[in-house]
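>>> My questions concern the predicted model and sequence given below.
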Amino acid sequence: MNRFAELLDRLAYEPGRNNKIKLLVGYFRETEDPDRGYALAALTGALSFKHAKPGLIRDLITERADPVLFSYSYDYVGDLSETVALMWPKAELPPGHNNPPPPTLTDVVTTLRTLGKAELPAQLARWLDELDETGRWALLKLVTGAMRIGISARLAKTAAAALGDKDPHEIELMWPGLSPPYLDLFAWLEGRGDKPVNSDPTPFRPVMLAHAIEDADFANLDAADFSAEWKWDGIRVQAVAGRDARGHIQARLYSRTGEDITGSFPDLVPSLHLPGAIDGELLVLRDGRVQTFNVLQQRLNRKVVSPKLIKEFPIHLRAYDLLGDDENDLRELPFTERRAHLEAFVAKLSDPRIDLSPTVPFASWEQLAAARADPKSAGAGDDADAVEGVMLKRRDAPYLPGRPKGPWWKWKRDPHIIDAVLMYAQRGHGKRSSYYSDYTFGVWTRGEAGGDELVPVGKAYFGFTDEELLQIDRFVRRNTTEKFGPVRHVVHEPDQGLVLEVAFEGLQRSPRHKSGVAMRFPRISRLRWDKPPREADRLETLERMLISMTGS
């Protein structure tokens with residue numbers, strides 16, 4: 001465990017990508033099985049321990065330290081694992097007793113997998129007593145799954161590939177069939193075994209993501225090299241079907257991060273009756289018309305899916321790529337060939353719940369810009385309300401996991417903009433734990449007493465630059481009027497306060513908010529130091545926007 005803790009500590013403070021890879025390769029080379037395999041699993045998010053919740057960690061530390069001091073310390077540090085690691089009291093050993101040896105990473109993982117909920121607190125406390133500060137921090141990062149040390153799953157796999165001088169793409173392709181502690185993977189990387197074979201009939205394939213395109217990018221891109229499709233306002237999914245050992249078809253539905261969400265959408269499973277892997281968008285389709293994301297939300301994160309819910313919010317899969325057809329892996333084919341396979345596959349499925357995402361014809365960037373601005377006239381028809389923008393895909397590009405820059409671009413429609421007033425601020429986490437970086441903002445409306453009052457309409461914690469973060473943090477510290485635990489009440493009067501220009505993708509009704517509305521993907525686009533709070537937007541403006549978006 002100490003070696004793993006040292007690795008995490010060094011990675012957290014190492015800013016350079018190549019140096020991070022060098023540290024990881026060195027660890028994989030010097031650490032024996034199965035410790036190194038469990039380390040790789042932890043860094044790629046492949047480990048989870050159902051009983052190890054943050055609340056349990058808080059209970060342990062408040063039993064051993066002043067709860068008020070812990071609360072203040074956690075508020076300042078912003079990271080639970082770091083706070084507990086620093087505050088955990090040193091264990092007092094009986095005379096003549098030496099410190100027991102710290103647990104290995106394998107000890108921790110295997111014990112956590114078998115331990116019951118009632119036994120876990122005592123075992124965690126014993127480990128925390130046995131480890132030093134860095135070890136405690138690494139242990140808590142591991143058990144809660146909240147690494148946040150500047151390492152992506154892609155980078156960890158790249159380092160594993162570098163150990164065996166392999167192509168990282170090769171690791172990504174085989175990853176769905178591997179499981180911790182990856183003994184067969186490391187044997188192959190070190191030339192001691194054959195290449196691992198994926199035996200799962202319905203594996204998740206790491207998805208390909210797009211970069212947001214900027215105006216300056218178009219100068220270096222040839223329109224003839226790209227195909228375009230509508231960007232739908234649903235959720236990205238991967239629908240996979242395969243034959244099990246008896247030849248029966250099994251089907252699963254995955255989120256873009258690989259979470260199995262099949263149980264939430266049982267009505268789509270019968271439609272996946274041919275072996276293949278579709279990359280597409282999950283939508284609600286009523287009377288042949290795609291509904292907005294606000295409607296789709298009624299089906300998301302449901303543990304119980306009733307027949308009534310299925311009938312009122314019928315799920316539909318709009319396909320835009322095919323990663324596999326039966327036993328054929330299509331990801332290395334160029335997009336145009338995959339598209340031809342997809343068209344044939346969807347036709348063979350012949351199911352009303354699955355259709356093709358139509359392409360958007362264009363011969364120049366000017367033509368595509370016109371289509372993006374008016375999707376209804378450009379072919380989206382009545383589905384235009386569910387269009388977020390357009391996707392650009394190089395015709396010759398293979399399907400590459402991660403977010404490679406160049407093959408795929410997303411060009412969203414211009415966001416909605418309002419001016420809102422900063423009302424409350426809270427510290428961030430990780431690198432932002434020392435700054436007030438989470439902001440709740442509101443707009444004006446007529447209050448019950450007859451005068452104007454601010455009502456919250458959203459919360460944002462990105463969109464601003466590092467310099468702007470320092471400016472807002474300084475303003476919050478100098479203009480806090482009340483404190484509610486970690487939350488700071490910031491002055492917001494008609495002539496005193498900070499106006500934020502907020503960009504957002506959409507609005508929806510929200511009974512949980514006093515304003516009755518909630519924003520979709522809000523972010524701070526500009527600081528309006530030039531504008532007094534009284535000139536910020538009103539709730540009536542958002543109501544009109546909401547009616548134009550949803551018709552209600």
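Arrived safely, thanks for sending. Numbers count the residues shown, from 1 in each chain.
>>> Next, count neighbours for L80.
For L80, the count of nearby residues is 18 (other C-beta atoms under 10 Å). Placement of C-beta: from N, CA and C, glycine included.
>>> make that K531, sorry
Neighbours of K531 (other C-beta under 10 Å): 15.
>>> Over to it. Which of the three states is it?
coil (DSSP: H, G, I helix; E, B strand; the rest coil).
>>> hang on, isn't it packed against L498?
No. Judged on C-beta atoms under 8 Å, K531 makes no contact with L498 at a distance of 9.5 Å.
>>> And R10, how far from K22?
10 Å (C-beta to C-beta, to the nearest Å).
>>> cool, and G324?
Distance from G324 to K22, counting by C-beta to C-beta: 34 Å.
>>> K195 now?
For K195, the distance to K22 - C-beta to C-beta - is 25 Å.
>>> Ok, P404 next?
In terms of C-beta to C-beta, P404 sits 22 Å off from K22.
>>> again with D167
18 Å.
>>> tell me the domain boundaries of the chain?
In terms of domains, the chain is parsed into 2-144, 211-412, 416-550 (source: automatic domain parsing).
>>> just how off-centre is the longest one within its chain?
I take that to be domain 211-412. A distance of 18 Å separates the C-alpha centroid of domain 211-412 from that of its chain, computed with C-alpha atoms, centre = their mean, to the nearest Å.
>>> Show the end-to-end separation of that domain, please.
11 Å (C-alpha to C-alpha, to the nearest Å).
>>> What of stretch 457-472?
19 Å.
>>> Tell me which residues of it come out buried.
V457, G458, A460, Y461, G463, F464, L469, I472 (16 or more other C-beta atoms under 10 Å).
>>> Stretch 513-524 too?
Applying 16+ other C-beta under 10 Å to stretch 513-524 flags S515, G516, V517, A518, M519, R520, F521, P522, R523, I524 as buried.
>>> Same question for stretch 1-15.
M1, N2, F4, A5, L7, L8, D9, R10, L11, A12, E14.
>>> residues in contact with the residue nearest to the last one when sequence neighbours are not counted?
Same thing as E14. Once flanking residues are discounted, E14 sits nearest to K20: 5.4 Å by C-beta to C-beta, 6 or more residues apart in numbering. Residues counted as contacts of K20 (C-beta atoms under 8 Å, 6 or more residues apart in numbering) are L11, E14, G150, I151, L155, A159.
>>> Give me the lowest-pLDDT entry from the residues you listed.
Ranked by pLDDT, the contacts of K20 bottom out at G150, which scores 77.
>>> Quick check: that one touching A12?
Yes. Look at G150 against A12 with C-beta under 8 Å: they come within range, at 6.6 Å.
>>> could you point out where the stretch 51-200 of the chain is predicted with low confidence?
Scanning the stretch 51-200 of the chain for pLDDT under 70 picks out 93-98.
>>> Tell me where it has helices.
Assigned by DSSP state H, counting those that start in this stretch, the stretch 51-200 of the chain shows helices spanning 54-64, 67-77, 80-87, 105-114, 120-130, 133-144, 153-163, 168-174, 183-189.
>>> Quick one, which of those helices gets closest to R372.
helix 153-163 (29.7 Å; C-beta to C-beta).
>>> which other residues reach that closest one?
17, 20-21, 24-25, 28-29, 40, 43-45, 167-168, 170-172, 175, 185-186, 189-190, 401-402.
>>> What are the phi and psi values at K195?
Main-chain dihedrals, K195, degrees, to the nearest 10: phi -60, psi 130.
>>> excluding its backbone neighbours, what's nearest it?
Using C-beta to C-beta, 6+ apart, the closest residue to K195 is W188 (5.3 Å).
>>> Distance of that neighbour relative to P121?
Distance from W188 to P121, by C-beta to C-beta: 40 Å.
>>> returning to that earlier point: which neighbours do G150 and A12 have in common?
Joint contacts of G150 and A12 (C-beta under 8 Å, 6+ apart) do not exist.
>>> If you count neighbours, what's buried in stretch 125-133?
Neighbour count says stretch 125-133 has A125, W127, L128, D129, E130, L131 buried, by 16+ other C-beta under 10 Å.
>>> The first one and L60 touch, don't they?
Yes. When contacts are counted by C-beta under 8 Å, A125 is listed as touching L60 (5.9 Å).
>>> In space, not sequence, find me the middle residue of the protein.
Geometric centre of the chain, nearest residue: T257, 7.1 Å, by C-alpha atoms, centre = their mean.
>>> wait, what's in contact with that residue?
Contacts of T257 (C-beta under 8 Å, 6+ apart): none.
>>> Which residue, other than its chain neighbours, is closest to L23?
With C-beta to C-beta, 6+ apart as the criterion, L23 has its nearest non-adjacent residue at 5.6 Å, and that residue is R10.
>>> ok, that neighbour to N19 distance?
9 Å.
>>> go on, L185?
23 Å.
>>> for L43, same thing?
Taken as C-beta to C-beta, the span from L43 to N19 is 16 Å.
>>> out of these two, which sits in the more crowded spot?
Each of L43 and N19 has its neighbours counted (other C-beta under 10 Å); L43 has more, 25 against 12.
>>> How much space separates the residue nearest to that one when sequence neighbours are not counted from I149?
Among residues not flanking L43 along the chain, A156 sits closest, at 4.0 Å (C-beta to C-beta, 6+ apart). Per C-beta to C-beta, A156 is found 11 Å from I149.
>>> Have a look at these two and say which one is more surrounded.
A156 (25 against 18).
>>> Please flag which of the buried residues of stretch 457-472 sit within helices.
Those of those mapping onto helices are L469, I472, per DSSP state H.
>>> Return the member of the buried residues of stretch 457-472 nearest to L392.
G463 (23.3 Å).
>>> show me what contacts that closest one?
By C-beta under 8 Å, 6+ apart, G463 lies in contact with A503, R523, I524, S525.
>>> What segments of the stretch 201-350 of the chain are helices?
Applying DSSP H, counting those that start in this stretch to the stretch 201-350 of the chain gives helices spanning 293-296, 307-312, 335-349.
>>> Quick one, which of those gets closest to P203.
helix 335-349 (17.6 Å).
>>> M174: neighbouring residues, count only.
Neighbours of M174 (other C-beta under 10 Å): 16.
>>> Over to E312?
13.
>>> now swap in A425 and tell me
Residue neighbour count, defined by other C-beta under 10 Å, stands at 27 for A425.
>>> So it belongs to a helix, correct?
No. Assessed by three-state DSSP, A425 does not belong to a helix; its assignment is strand.
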